[in-house]
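J.: Pasting the sequence and the predicted model now:
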2 protein chains.
Amino acid sequence: MKEAQLHSREKILFFNKEYIAEFVYGGIDGAITTFAVVAGAEGASLGISVVIILGIANLIADGFSMSVGNFFSTKAERDSFEKHRQVEYWEIENLREREVEEIREIYAAKGFKGELLEQVVDVITADKEVWVDTMMKEELEMVKGDKTPYKTAGATFISFILVGSVPLLSYFFAGEDLSVKDPQLFLYSCILTGVALAIVGSLKSIVNEKNIIWGILETTLLGGLAAFLAYFVGDLLENLFL
Amino acid sequence: MKEAQLHSREKILFFNKEYIAEFVYGGIDGAITTFAVVAGAEGASLGISVVIILGIANLIADGFSMSVGNFFSTKAERDSFEKHRQVEYWEIENLREREVEEIREIYAAKGFKGELLEQVVDVITADKEVWVDTMMKEELEMVKGDKTPYKTAGATFISFILVGSVPLLSYFFAGEDLSVKDPQLFLYSCILTGVALAIVGSLKSIVNEKNIIWGILETTLLGGLAAFLAYFVGDLLENLFL
């Protein structure tokens, strides 16, 4: 009983972790993408209004496409698993001898031989569920994921929009004239985005079971470097095109 | 021998498919993200120079962050698998009785009982590799992925930049005055991006083993809707802020 409880608790943790993972990756992507738009526009010395307009447009469009894309890829993974399972069911019906031989090979590789091997093959192939399950895990090395398409897509969208709006926050407190530049706003945006990435990065280290300092460093450095690249490219192209 | 050849051929196909998948998802993300910047800027009636500057800045920054993010997540997956394997090795050394009982439960659930079950448990637990392998697949439902961090990140980066530059192509053939608007350029960008997304979408249907028409429709509609959202938001905010 204790064992069973332990297992189910491990399962629940594992299950929720999947969604924390979606939340973490959605949030990181949202913040980095929006921050890159902000930094690129700042590098090219474009006005506050351009930062706000393209920042929001990008946030919504990317949040949408990323979460819908996530929906389709989670669904595709599930469908692929289901399809391969159906193929295995078909094969044990129609290519029975070949599939029995494959079970024999799989268990021979585990160290079974002689009479015991034949008995094991008999038990495994006596139950179609067990037989197909064995083929999926041992031959195809496929396991069914816990993720459901709607929930993963939802978690991704919410975190993308929530964390992704952080780099824009300071710009909403700009003065009346939105055509000017205000270096203070970009500075605040950098600080706020850094803090947001650090928080999400620390959550990521929980998901990955890694050192928390490493999670924070990895995430903030990645966002910082991407923003630096955008700023640098914006600055360079400003001199060429503006 | 024939079986073994068949298996290794299946493995190679499976292996390469992983990279085609990275290429497909990187390309779709690149095209949709860049197209959203273009559409948002067009919706807000910003000049050609803004489209080019922010399009390129975003392409490079997002391509970088996406592929490095991909590197870390692939690595984290591998590390997580390795860590759980080490835990299982530790457990069979230090909690031997509990782990033997878990193998017994796993094989009882497959339909083994009595003397045969005990013999099976003996064979599985006689080889630590087989024992841990069984715990990984049956208890934790974890399989080792084929993806290597560097290669997945590389495939993602290349396709993100390649396919992601398509929405910008027409703008490089703009006239001298880059501060103006030219609806023709946006029209060409829409057409070219549609074609690129259709090609990548058809590749995606190969990866997912789905109907090719569905793959094309899914991908182009997703990109089209994201761009529509960006255009719409850009247009709306232009009236508010510009």
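T.: Received it, and whenever you're ready, just let me know what you need.

J.: quick one: the helices in chain A?
T.: A:2-43, A:48-94, A:96-109, A:114-126, A:128-134, A:149-164, A:183-207, A:212-241 (DSSP state H).

J.: Just list what the second one packs against, helices and strands only.
T.: Read that as helix A:48-94. helix A:2-43, helix A:96-109, helix A:128-134, helix A:149-164, helix B:2-43, helix B:48-94, helix B:183-208, helix B:212-241 (3 or more C-beta pairs under 8 Å, 6 or more residues apart in numbering or on different chains; DSSP states H and E). Using the backbone N, CA and C atoms, a C-beta is placed for each residue, glycine as well.

J.: Quick check: mean pLDDT of the last one?
T.: Rounded to a whole number, the mean pLDDT of helix B:212-241 is 93.

J.: and that helix, how far from the chain's centre?
T.: 21 Å (C-alpha atoms, centre = their mean, to the nearest Å).

J.: in it, what's buried?
T.: Buried residues in helix B:212-241, counted by 16 or more other C-beta atoms under 10 Å in any protein chain shown: B:215-216, B:218-220, B:222-224, B:226-227, B:229-235, B:237-238, B:241.

J.: The third one too?
T.: Of all the residues in helix A:128-134, those buried under the rule 16+ other C-beta under 10 Å are A:130-134.

J.: Could you report the distance from the residue lying farthest from the centre of chain A to chain B?
T.: Using C-alpha atoms, centre = their mean, the residue of chain A lying farthest from its centre is A:Glu115. It sits 47.1 Å away. Per C-beta to the nearest C-beta, to the nearest Å, A:Glu115 is found 10 Å from chain B.

J.: Wait, A:Val132 touches A:Trp90, no?
T.: No: look at A:Val132 against A:Trp90 with C-beta atoms under 8 Å: they stay out of range, at 10.1 Å.

J.: okay, now A:Ile199: neighbour count?
T.: Residues lying near A:Ile199 (other C-beta atoms under 10 Å in any protein chain shown) number 15.

J.: Check what pLDDT it gets.
T.: In this model, A:Ile199 is scored at 96, pLDDT.

J.: Next one: it from A:Ile32, what distance?
T.: 14 Å (C-beta to C-beta, to the nearest Å).

J.: A:Val38 now?
T.: Going from A:Val38 to A:Ile32 by C-beta to C-beta gives 11 Å.

J.: restrict the buried residues of helix B:212-241 to those near chain A?
T.: By C-beta under 8 Å from any C-beta of the partner chain, the members of the buried residues of helix B:212-241 lying near chain A are B:218, B:222-223, B:226-227, B:229-231, B:233-234, B:237-238, B:241.

J.: which stretch in the helices of chain A is the model least sure about?
T.: For the helices of chain A, where the average pLDDT is lowest is helix A:2-43, sitting at a mean of 75.

J.: From the buried residues of helix A:128-134, pick the one nearest A:Arg85.
T.: A:Val132 (6.1 Å; C-beta to C-beta).

J.: nearest residue to that closest one other than its sequence neighbours?
T.: Nearest non-adjacent residue to A:Val132, counting by C-beta to C-beta, 6 or more residues apart in numbering or on different chains: A:Glu88, 4.6 Å away.

J.: count of residues packed around that neighbour?
T.: 22.

J.: So it versus chain B, what's the distance?
T.: 13 Å.

J.: Next, show the common contact partners of A:Val38 and A:Ile32.
T.: A:Ala227 (C-beta atoms under 8 Å, 6 or more residues apart in numbering or on different chains).

J.: care to break chain A down by domain?
T.: Following the TED database, one gets these domains for chain A: A:17-77+A:149-165+A:181-232, A:83-139.

J.: can you give me phi and psi for the nearest residue to A:Ala126 once chain neighbours are set aside?
T.: Leaving aside its chain neighbours, A:Ala126 sits nearest to B:Gly111 (6.4 Å; criterion: C-beta to C-beta, 6+ apart). Backbone dihedrals for B:Gly111, given as degrees, to the nearest 10, come out at phi 110, psi 10.

J.: Who are the contact partners of B:Gly111?
T.: Residues near B:Gly111 by C-beta under 8 Å, 6+ apart: A:123-124, A:126-127, A:130.

J.: Using TSV, lay out the ones next to chain A among the buried residues of helix B:212-241 together with distance to A:Lys181.
T.: Below are those laid out as TSV (distance: C-beta to C-beta, whole Å):
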residue	distance to A:Lys181
B:Glu218	41
B:Leu222	35
B:Gly223	33
B:Ala226	29
B:Ala227	28
B:Leu229	28
B:Ala230	24
B:Tyr231	26
B:Val233	23
B:Gly234	20
B:Leu237	18
B:Glu238	19
B:Phe241	15
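
J.: nearest to B:Phe173, of those residues?
T.: For those, the residue nearest B:Phe173 by C-beta to C-beta is B:Ala227; the value is 20.0 Å.

J.: Name the nearest residue to that closest one, ignoring sequence neighbours.
T.: Closest residue to B:Ala227 apart from its sequence neighbours, by C-beta to C-beta, 6+ apart: B:Ala39 at 4.0 Å.

J.: Could you measure from that neighbour over to A:Ala61?
T.: Using C-beta to C-beta, B:Ala39 is found at 7 Å from A:Ala61.

J.: okay, and the common contacts of those two?
T.: Taking C-beta under 8 Å, 6+ apart as the criterion, B:Ala39 and A:Ala61 both touch B:227, B:230.
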